[in-house]
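In: need a 3D model of the sequence below.
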Amino acid sequence: MSDTIKMQLVDAALPHVAFDGWSDETFEAAVVDADVNPTVAKAVCPRGAVDLAVAFHERGDVQMRAALEAADLSDMRFRDRVAFAVKTRLELCDDKEVVRRGTTLFALPQHAATGTKLIWGTADAIWTALGDTSDDINWYSKRATLSAVYGSTVLYWLGDESEAHADTWAFLDRRIDNVMQFEKAKAAFNKSPFAKIMAGPLVALGRVKAPEKTPPMPGRWND
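Out: Model (predicted):
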């Protein structure tokens, strides 16, 4: 029930975001437009419009995963699959101003950690959808690298006025090429004599494991 109400509030908020941003004014207008009891709305979204902005972003991740599952990526190189996923995620946003306002919101110091978590979540959603099975330090490095690529591409996309965002996709390809070069260099290092010198630290890093999935907890308001 809580997710349903939150999505109703998100949809009601979107027409107001371009004018008032993800603000208290937008949240109050969404509550009225969605005809949701204000007390229930605050229970579902304790931070008001900030929680709506988070829900809007996370809904985009869900839609992206569905689109990737429906797409045939079998003939693509892996780097092209990553580029396709990022492109798909951005093309799901049909109103740049809504995204721009969210970027501004999560650039504020008090919301920066939330913004970083959202970008990490998008990177994790992409890697998971593409079948990543890593459970060691690579789980973290892949998501950290893709977070940087995704974040910089969003900023470029927001200012891109080229036809069909051609400049953005070229920018994205260059960033992914940089990542691939880094991965090749890392592989070459692992085969070099220097890897033996760093054997101790590398063994320690090898003990780092991906986080385990948290099982459902009792006492939560579920649909």
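
In: tally of neighbours for residue 104?
Out: 12 (other CB atoms under 10 Å). Heads up, the C-betas are built off the backbone N, CA and C, glycines and all.

In: which residue packs closest to it, ignoring adjacent ones?
Out: Distances taken as CB to CB, 6 or more residues apart in numbering place residue 21 nearest to residue 104, at 6.8 Å, with adjacent residues excluded.

In: what of residue 162?
Out: With CB to CB, 6+ apart as the criterion, residue 162 has its nearest non-adjacent residue at 7.3 Å, and that residue is residue 168.

In: can you give me the strands in the chain?
Out: With DSSP state E, there are no strands along the chain.

In: if I look at the residue nearest to the spatial centre of the chain, how far off is residue 85?
Out: Nearest to the geometric centre of the chain sits residue 122, at 2.3 Å (CA atoms, centre = their mean). Between residue 122 and residue 85 the distance is 9 Å, computed by CB to CB, to the nearest Å.

In: joint contacts of the two?
Out: residue 64 (CB atoms under 8 Å, 6 or more residues apart in numbering).

In: read off the pLDDT value for the residue nearest to residue 104.
Out: Residue 21 carries a pLDDT value of 97.

In: cool, the one 4 residues further on as well?
Out: Residue-level confidence at residue 25 comes out at 98, pLDDT.

In: that one contacts residue 13, doesn't it?
Out: No: shown here, residue 25 and residue 13 do not form a contact pair, counting by CB atoms under 8 Å, at 10.2 Å.

In: neighbour count: the two, which is higher?
Out: residue 13 (28 against 13).

In: residue ranges with poor pLDDT in this protein?
Out: For the chain, the stretches flagged by pLDDT under 70 are 182-210, 212-223.

In: can you give me the helices for it?
Out: 2-20, 24-34, 38-44, 49-70, 78-91, 96-107, 112-129, 137-158, 166-190, 194-197, 199-206 (DSSP state H).

In: what's the burial count for the residue nearest to residue 104?
Out: 19.

In: pretty sure it contacts residue 100?
Out: No: assessed by CB under 8 Å, residue 21 is found out of contact with residue 100, at 9.2 Å.

In: sort out which residues of stretch 120-139 are buried, please.
Out: 120, 121, 122, 123, 124, 125, 126, 127, 129, 137, 139 (16 or more other CB atoms under 10 Å).

In: what's the closest of the residues you listed to residue 49?
Out: residue 121 (19.0 Å; CB to CB).

In: contacting residues for the closest one?
Out: 57, 58, 61.

In: could you do residue 169 as well?
Out: Counting by CB under 8 Å, 6+ apart, residue 169 touches 83, 87.

In: go on, residue 34?
Out: When contacts are counted by CB under 8 Å, 6+ apart, residue 34 touches 5, 8, 9, 11, 12, 41.

In: ok, which pair from those residues is furthest apart?
Out: 11 and 41 (13.4 Å).

In: higher neighbour count, the two?
Out: residue 41 (23 against 15).
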